[in-house]
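Chemist: For reference, the sequence and a predicted model appear below.
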Amino acid sequence: MNMENENRIILRTYKSVWKIPRKIYSIDNIKLFVPVDVDQAMYFIASLGITFILLNILPFLGNLPFVFKYIALPYGLMKFFTKQKLDGKLPHKFFADLVVFLLSPGQFVRFRTAGELKLKNVRFSSRIICRYTHYVNKTEEALNNRMKKLKKKGGKNGV
């Protein structure tokens with residue numbers, strides 16, 4: 001056994017107990033073969049609407065078979081919207097936040113647009129400290145130090 005597995009502590013939580021899955025088991029006394037998640041059903045209906053709009057906008061999609069247009073494409077969109085996470089969010093929330101970001105002014109300072117602020121009379125009450133990184137090649141530094149020592153001696157060793 002690994003030492004990592006021996007030091008592992010299992011913490012039990014009851015988080016999943018409070019998340020009751022919402023499923024549809026039947027529709028008007030017609031029992032479904034497989035329980036359907038409510039969120040997936042809503043995404044499928046929304047994807048079907050998006051597909052219908054795309055078929056009216058883009059005429060070349062009208063040549064696709066019925067099964068692909070009204071079942072496969074909405075099912076693929078539904079799976080994408082329920083399983084895929086973009087930037088840690090569900091895709092519809094990500095795209096909504098992206099639209100809000102693109103329509104908002106470019107810069108914010110303390111929750112106001114930067115154009116509203118007047119930065120002419122800005123004074124800092126404390127010192128501003130900047131750090132910078134300086135990369136040193138140790139071999140080159142040692143050669144430079146050696147050359148400086150030799151120059152101070154007057155080049156007696158004849159380099």
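Modeler: On my side now, so go ahead.
Chemist: per-residue pLDDT, the spatially most central residue of the chain?
Modeler: Of all residues in the chain, the one closest to the mean position by C-alpha atoms, centre = their mean is D87, 1.8 Å from it. For D87, the model assigns a pLDDT of 85.
Chemist: Pop out the phi and psi values for it.
Modeler: When read as degrees, to the nearest 10, the backbone of D87 gives phi 60, psi 30.
Chemist: now swap in L64 and tell me
Modeler: Torsion angles, degrees, to the nearest 10, at L64: phi -70, psi 150.
Chemist: need the contact list for it.
Modeler: Residues in contact with L64 (C-beta atoms under 8 Å, 6 or more residues apart in numbering) are L73. C-beta here means a position set from N, CA and C on the backbone, and glycine is covered the same way.
Chemist: swap the cut-off to 6 Å and go again
Modeler: For L64, the contact set (C-beta atoms under 6 Å, 6 or more residues apart in numbering) is empty.
Chemist: Return the distance of it relative to L48.
Modeler: 14 Å (C-beta to C-beta, to the nearest Å).
Chemist: and the next element down the chain from the helix ranked longest in the chain?
Modeler: Looking across the chain with DSSP state H, the single longest helix is helix 38-57. Proceeding N to C from helix 38-57, the next assigned helix or strand is helix 66-67, under DSSP states H and E.
Chemist: Give me the three-state assignment for F33.
Modeler: Recorded secondary structure, F33: strand (DSSP: H, G, I helix; E, B strand; the rest coil).
Chemist: burial count for it?
Modeler: Using other C-beta atoms under 10 Å, F33 has 5 neighbouring residues.
Chemist: Which of the helices and strands in the chain ranks last by mean pLDDT?
Modeler: Within the chain, no helix or strand scores below helix 3-6, which has a mean of 62 by mean pLDDT, DSSP states H and E.
Chemist: For the chain, give me the ranges with low pLDDT.
Modeler: By pLDDT under 70, the weakly predicted segments of the chain are 1-6, 105-106, 108-124, 128, 130-136, 155-159.
Chemist: So which residues of it form helices?
Modeler: Going by DSSP H, the chain shows helices at 3-6, 15-18, 38-57, 66-67, 73-83, 91-103, 138-153.
Chemist: which one of those lies closest to S26?
Modeler: When those are ranked by proximity to S26, the top entry is helix 38-57, at 12.9 Å, counting by C-beta to C-beta.
Chemist: what comes up buried for that closest one?
Modeler: Using 16 or more other C-beta atoms under 10 Å as the test for burial, helix 38-57 gives Q40, Y43, F44, S47, L48, T51, L55.
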